[in-house]
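Engineer: one predicted model, sequence on top.
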Amino acid sequence: MRAPGRAPEPTLRVQGGSMANLLEMKNISKTFGEVAALHDVNFHVGKNEIVGLLGDNGAGKSTLVKLITGYHHPDPGGEIYWQGKRLEHITVARAHEMGIEVVYQERALADKQSLWRNIFMGREITGAGGRLEVRRMREETLKLMQHSMGFTSSAITPDSTVMTFSGGERQGVAITRALYFKAELVILDEPTMGLSLSETRKALDFVESIRKAGKSAIFIDHNIFHVYPVVDRMVVLDRGTVAGQFMKGELSLQELTDRLYAVARTGNLKTQASRRRSPAARKRSTR
């Protein structure tokens with residue numbers, strides 16, 4: 001706590017980016033021909049923060065993710081910073097090197113392969129002459145099962161095929177794999193889609209494990225009832241622009257739901273109820 005009357009400490013910045021943020025995007029636009037997928041978007045993810053990215057189909061969520069992962073590049077004038085340093089040109093390979101991992105809704109697992117093969121797919125542990133260290137990979141997988149995935153049943157082993165796992169368990173495998181390979185930012189693309197109620201709870205528990213590991217995440221979903229319990233902050237995209245963002249504690253789940261309906265109808269985050277609030281209350285709710 002600073003002394004009374006003392007000015008706050010300045011936020012350290014490097015080349016225009018804040019060191020308080022893991023990822024920072026400024027004035028991001030992306031056009032495809034005559035179609036503007038994103039327009040003047042400002043977005044950031046803090047260190048050890050879970051950010052919910054909300055919006056209907058066509059809002060620009062997928063385009064934003066592809067910019068973060070190097071699949072697309074922003075239009076001139078847009079800036080992307082990683083841990084305070086500006087990235088002049090980000091590629092898919094560079095994004096992986098920095099620790100950006102995406103867990104897609106399809107979960108990107110090889111269902112007919114064993115658990116240990118899925119964990120180390122493309123990043124196998126090798127020894128002299130490039131020989132696969134199968135025993136070591138099985139041992140590492142067993143440790144992950146016991147300490148990260150919560151698999152305690154003797155029926156599941158490192159050699160179990162992934163197709164025998166439930167949806168929530170497979171989502172857990174994908175998230176655990178990302179964290180094992182030192183991901184700093186995990187992007188979760190609709191991680192609860194198609195899951196039952198109990199499996200959804202399991203998947204949300206794995207999202208919590210990202211925070212416990214000291215890492216950050218972007219949680220993309222249409223279902224606000226899944227996003228709300230586990231995120232720290234929410235950003236609403238609509239038609240390629242940021243319609244609003246706020247900390248979870250600023251709005252109840254019902255207030256947030258009402259505002260998302262308003263965005264879908266009008267493109268405006270404010271509802272009739274919010275317009276009747278005091279100016280100070282409106283400012284707190286929409287910043």
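Structural biologist: Thanks, I have it. In this text the structure is predicted, and so the values were computed from the model without any measurement.

Engineer: CA atoms for contacts and neighbours, from now on please.
Structural biologist: Noted.

Engineer: where does the stretch 101-250 of the chain dip in pLDDT?
Structural biologist: 105-107 (pLDDT under 70).

Engineer: and the strands in it?
Structural biologist: Counting by DSSP state E, counting those that start in this stretch, residue ranges of the strands within the stretch 101-250 of the chain are 185-189, 216-220, 233-238, 241-247.

Engineer: so what does the first one touch, helix or strand wise?
Structural biologist: Other helices and strands packing on strand 185-189, by 3 or more Cα pairs under 8 Å, 6 or more residues apart in numbering; DSSP states H and E, are strand 100-103, strand 216-220.

Engineer: buried set for the last one?
Structural biologist: Within strand 216-220, the residues that qualify as buried by neighbour count (16 or more other Cα atoms under 10 Å) are 216-220.

Engineer: repeat that for stretch 44-54.
Structural biologist: For stretch 44-54, the buried set under the neighbour-count rule, 16+ other Cα under 10 Å, comprises 44-54.

Engineer: out of those, which is nearest to residue 252?
Structural biologist: residue 52 (14.8 Å; Cα to Cα).

Engineer: so what touches the strand or helix carrying the closest one?
Structural biologist: According to DSSP states H and E, residue 52 maps onto strand 50-54. Taking Cα atoms under 8 Å, 6 or more residues apart in numbering as the criterion, the residues outside strand 50-54 that touch it are 45, 61, 211, 216-222, 224, 227-228, 230-237.

Engineer: and stretch 213-221, by the same measure?
Structural biologist: With Cα under 8 Å, 6+ apart as the test, stretch 213-221 has contacts from 45-55, 61, 183-192, 210-211, 227, 231.

Engineer: one more time with 6 Å, if that's ok
Structural biologist: For stretch 213-221, the surrounding residues in contact (Cα atoms under 6 Å, 6 or more residues apart in numbering) are 47-53, 184-190.

Engineer: thanks a lot, catch you later.
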